[in-house]
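1. quick one: sequence plus predicted model below, questions after.
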Amino acid sequence: MIFTINYSLYLVFTLFICCDGMATNQVWNQQTKLQKRPWVKSRLTRAVYLRKLIIGNSPASIIDHPYQVLLMINGKPKCGGSIIRSNFILTAAHCIHNVKVHQLQIRAGSTDRTLGGQIREIQEMYYPDDKFNIDTYDFDIAILKLVEHLVFNEAVASIELPTPGREIKEHDMAKATGWGMTDPLESTLPKILQVVKLPQISTSSCRKYYGNLISERMFCAGYEEGGKDTCLGDSGGPLVANNTLVGITSWGGDICAQAGKPGVFTKISFFREFIDDIINNKII
């Protein structure tokens with residue numbers, strides 16, 4: 001469904017959230033806004049604006065996206081993630097920033113975010129804490145090591161990683177998946193996984209929209225005219241092209257699916273050495 005922004009409705013919804021924010025806070029444990037870029041919001045913290053999780057979305061089956069997981073904090077849905085090994089999950093650093101390991105769980109192998117599949121506790125979490133910047137979202141990548149391996153089947157499988165240094169192919173289509181709010185006037189979340197197709201935008205082209213906020217570790221995906229996008233709750237989730245995990249949902253403009261403000265993703269090919277060192281037990 002293509003979503004068109006209505007600014008009068010936006011003002012009403014802002015008042016609605018101010019007066020009835022408790023329900024939303026029960027669903028999403030929101031963090032503070034980005035301090036240095038108040039007009040830019042992460043795909044985790046954008047519930048107080050008029051937006052959906054996947055804009056221009058359609059329902060999806062976990063069978064078609066078996067690498068997708070739901071990341072939970074204290075039992076509540078928080079972010080997405082991707083299976084890269086039977087005991088390793090890739091997500092965004094801002095999803096686990098200031099969170100303790102014992103607070104984390106993942107659910108894999110279920111189209112329905114509320115039941116079924118395999119739930120696993122987290123043993124260790126790794127992210128470049130000496131480089132990750134909560135203000136700029138640079139180095140927005142994290143790896144979770146599971147206490148118990150996942151059992152692979154048709155609904156649970158790993159996703160291929162890009163080769164080191166692989167460049168983003170301009171305009172190549174990619175798929176983003178996730179769960180989250182699909183109606184700006186409701187605080188409930190959809191139970192079923194959603195998917196949206198987005199054209200990739202290279203790092204250099206992405207700077208056309210965000211200037212020097214885009215580092216070499218970032219790229220964009222979306223349409224010049226807007227209408228389709230990732231959003232609230234998608235943070236940490238996968239962007240997949242040609243059966244390869246090319247990006248991690250990270251941040252974007254203050255209104256999802258806004259024209260001239262495509263979603264911004266962490267470029268996984270930049271971090272292959274970091275990922276390989278962890279999953280190959282070189283860093284423990």
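-> In hand now; what should we look at?

2. tell me the SS of the closest residue to residue 70 other than its chain neighbours?
-> Of all residues not flanking residue 70 in the chain, residue 107 sits nearest, at 4.4 Å (Cβ to Cβ, 6 or more residues apart in numbering). Glycine gets a C-beta too; all of them are placed from N, C-alpha and C. Following DSSP: H, G, I helix; E, B strand; the rest coil, residue 107 is assigned to strand.

3. wait, doesn't residue 107 sit right on residue 89?
-> No - with contact defined as Cβ atoms under 8 Å, residue 107 does not count as touching residue 89 (10.9 Å).

4. list the beta-bridge partners for residue 142.
-> Note on residue 142: beta-bridge partners by DSSP bridges are residue 91.

5. quick check: the gap between it and residue 95.
-> 7 Å (Cβ to Cβ, to the nearest Å).

6. look up how far residue 168 lies from residue 221.
-> Look at residue 221 and residue 168: by Cβ to Cβ, they are 9 Å apart.

7. between the two, which is the more surrounded one?
-> Shown here are residue 221 and residue 168; by other Cβ atoms under 10 Å, residue 221 has more neighbours (30 against 25).

8. can you name the residues that contact that one?
-> Taking Cβ atoms under 8 Å, 6 or more residues apart in numbering, we find residue 221 in contact with 174, 176, 198-201, 239, 247, 262-263, 265.

9. what about the closest residue to it other than its chain neighbours, which helix or strand?
-> Leaving aside its sequence neighbours, residue 221 sits nearest to residue 198 (Cβ to Cβ, 6+ apart; 4.1 Å). Secondary structure assigned from DSSP states H and E places residue 198 in strand 194-201.

10. list the buried residues in that strand.
-> Neighbour-count burial for strand 194-201 flags 194-196, 198-201 (criterion: 16 or more other Cβ atoms under 10 Å).

11. shared neighbours, residue 221 and residue 168?
-> Joint contacts of residue 221 and residue 168 (Cβ under 8 Å, 6+ apart) are 200-201.

12. distance of the residue nearest to the spatial centre of the chain relative to residue 107?
-> Nearest to the mean C-alpha position of the chain, by Cα atoms, centre = their mean, lies residue 235 at 2.3 Å. Per Cβ to Cβ, residue 235 is found 16 Å from residue 107.

13. kindly report the same for residue 172.
-> 30 Å.

14. quick one, strands of the stretch 51-200 of the chain?
-> For the stretch 51-200 of the chain, the strands defined by DSSP state E, counting those that start in this stretch cover 54-55, 58-59, 68-73, 76-85, 88-91, 104-108, 118-126, 142-146, 173-178, 194-201.
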